[in-house]
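Asks: how would this look folded up:
(chains A and B)
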Amino acid sequence: MNVMRQTDDATATAEIKIAAKGVQVYYGDNHAIKDVDVDIADRTVTAFIGPSGCGKSTFLRCLNRMNDTIDICRVEGKITLDGEDIYDKRVDPVQLRAKVGMVFQKPNPFPKSIYDNVAYGPRIHGLARGKAELDEIVENSLRRAALWGEVKDRLNAPGTGLSGGQQQRLCIARAVATSPEVLLMDEPCSALDPIATAQVEELIDELRSRFAVVIVTHSMQQAARVSQKTAFFHLGNLVEFGETGQIFTNPRDPRTESYITGRIG
Amino acid sequence: MNEQHILRAFDRDLEAIQAMVMKMGGMVEAAILDAAQALETRDEELATKVRAGDKAIDALEERINEEAARLIALRAPAASDLRTVLSVLKITNSLERVGDYAKNMAKRSNVLGQMTAISGAGGSLRRMSKAVVQMISDALDAYNTRDAALAEDVRNRDREVDQMYNALFREFLTHMMEDPRNITACMHLHFIAKNIERMGDHATTVAEQVIYLVTGEMPGEKRPKADSVTTIGVEDA
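Replies: Numbering: from 1, shown residues only, chains lettered A, B, ... in the order given. The predicted model follows:
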């Protein structure tokens, strides 16, 4: 019927990959996330938007326990990945992060070769038996990150020698190399030029066929372009969560309306 | 919701484009009233003025379309801002059509001026025109004040215009049956009546855009309609 709506219909029936219920986050006395419930659908791009300090990045970091590294940070509530509590004592955060990969705001390749950047995860997680298999993982990951063609002849060159956009795609290749099920992206394009941004956005759309992708972005246009679901955070509350088209044409909450039309900062 | 954008130039752009729509609405209302008066008083000069004035309405429509395209390209409006721009485009389109009908009425009134007058027709058409002008004016007021209830009222009032049209349709039939020499004049008068009835439909469209702008959803189909001329004659066949 309507081709533009088909992807939305598909996501409406997608299974829930991550379910968060009653999540509270405290940094010392600061109540940063207030009772957030959210379901992240599989094979869907979910965008978190909101003004600086609204808690969107903090919440994103709860999804792979990155907040564990901050001493004063306390997380309450329940977050499950495929129905299993990720904050359970038996869960190894390192194993969790192999399943729930992350890409950061600034490209941060290791000071190693392009090859070793991508091979690092599979090596420490023992995902490859032998060199041939590792080569294959590296190639596939670089292909998935739309970088293979540009670097295949210089895999031993340092990753830090690439352009900003290439470095970010290298970080995405590194994140997908461990075959994650969920990919978290915290402002992945904020340091990139428009062309590199478009390439990363195209990549996000392709990754959606394999993973659940959660992206934090300050660019509302980016959220509108790449996501199927959008969550708006404000002052630590999840104000509205809905289909992206609905959020951008007819938001239900006046705070969402004010934010996306540029009336509050 | 806050009224003002952080970027105030965005507010200025939106206000400017809406002010142009209001101006266009005023020009269209004046054109209808002038055309109806020219018809009733057989004022050829006034009719000519209405015909010439349509160019300014068309030019303003073009200007609004350009500004709307520019605003979409430069400001990427979302949510109610987006609906504002979309409704501006639709309303402008409707107003332009109404302007064309007024121009057509003026054209026919000059032709009718050469013929024997049909008694009562000019007055009836003028009353009908006034009802339509009131609808347009209220629809634009509803737009300005984001008043969905007033828009709904305008939408319901279209039925009265339909009823006036039905009555005129029968009246013209009677005149034509009484004396075939009335046929030419009555045909012109009938087209005028039909055009005014169409203006009412456009006023309804404007009102529906107001409802869309305010609520985010188009009103449903159920709207009182009283245009029954499509079946007139069936009972006699």
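Asks: Get me the contact residues on the stretch 101-250 of chain A for chain B.
Replies: Listed as neighbours of chain B in the stretch 101-250 of chain A under the rule CB under 8 Å from any CB of the partner chain: A:220-221, A:224, A:248-250. (Each C-beta comes from the backbone N, C-alpha and C, glycine too.)
Asks: nearest spatial neighbour of the residue in chain B positioned nearest to chain A, skipping sequence neighbours?
Replies: Closest residue of chain B to chain A, CB to the nearest CB: B:Gly216 (3.5 Å). Of all residues beyond its chain neighbours, the one nearest B:Gly216 is A:Asn250 (3.5 Å), with distances taken as CB to CB, 6 or more residues apart in numbering or on different chains.
Asks: Give me the pLDDT value at that neighbour.
Replies: As predicted, A:Asn250 sits at a pLDDT of 91.
Asks: Low-confidence ranges, chain B, go.
Replies: With pLDDT under 70 as the threshold, chain B has low-confidence stretches at B:1-2, B:222-224, B:234-237.
Asks: Near chain A, which residues of it are found?
Replies: B:1-7, B:10, B:76-83, B:216-217.
Asks: Show me just the buried residues among the residues you listed.
Replies: Using 16 or more other CB atoms under 10 Å in any protein chain shown as the burial test, those include B:5, B:10, B:77-83, B:216 as buried.
Asks: Which two among the residues you listed are spaced furthest apart?
Replies: For these, the maximum inter-member distance is 19.9 Å, found between B:Phe10 and B:Gly216 (CB to CB).
Asks: how near is the nearest residue to A:Ala196 once chain neighbours are set aside to A:Ala173?
Replies: Counting by CB to CB, 6+ apart, the nearest residue to A:Ala196 once its immediate chain neighbours are dropped is A:Gly165, at 2.5 Å. Plainly put, A:Gly165 is 13 Å away from A:Ala173 if you go by CB to CB, to the nearest Å.
Asks: same question, B:Gln114
Replies: Relative to A:Ala173, B:Gln114 is positioned 82 Å away (criterion: CB to CB).
Asks: Next: A:Ala98.
Replies: Using CB to CB, one obtains 15 Å as the distance from A:Ala98 to A:Ala173.
Asks: more crowded one of these two?
Replies: Neighbours per residue (other CB atoms under 10 Å in any protein chain shown) separate A:Ala98 from A:Ala173, with A:Ala173 holding more: 28 against 21.
Asks: Hmm, A:Leu142 and that one touching each other?
Replies: Yes. Counting by CB atoms under 8 Å, A:Leu142 is a contact partner of A:Ala173 at 4.9 Å.
Asks: intersection of neighbour lists for these two?
Replies: Jointly contacting A:Ala173 and A:Leu142 under the rule CB atoms under 8 Å, 6 or more residues apart in numbering or on different chains are A:Val118.
Asks: where's the residue most central in space within chain B, which helix or strand?
Replies: For chain B, B:Met199 is the residue whose C-alpha lies nearest the centre (CA atoms, centre = their mean; 3.6 Å). Taking DSSP states H and E as the criterion, the element that holds B:Met199 is helix B:183-215.
Asks: Thanks again, I'm all set now.
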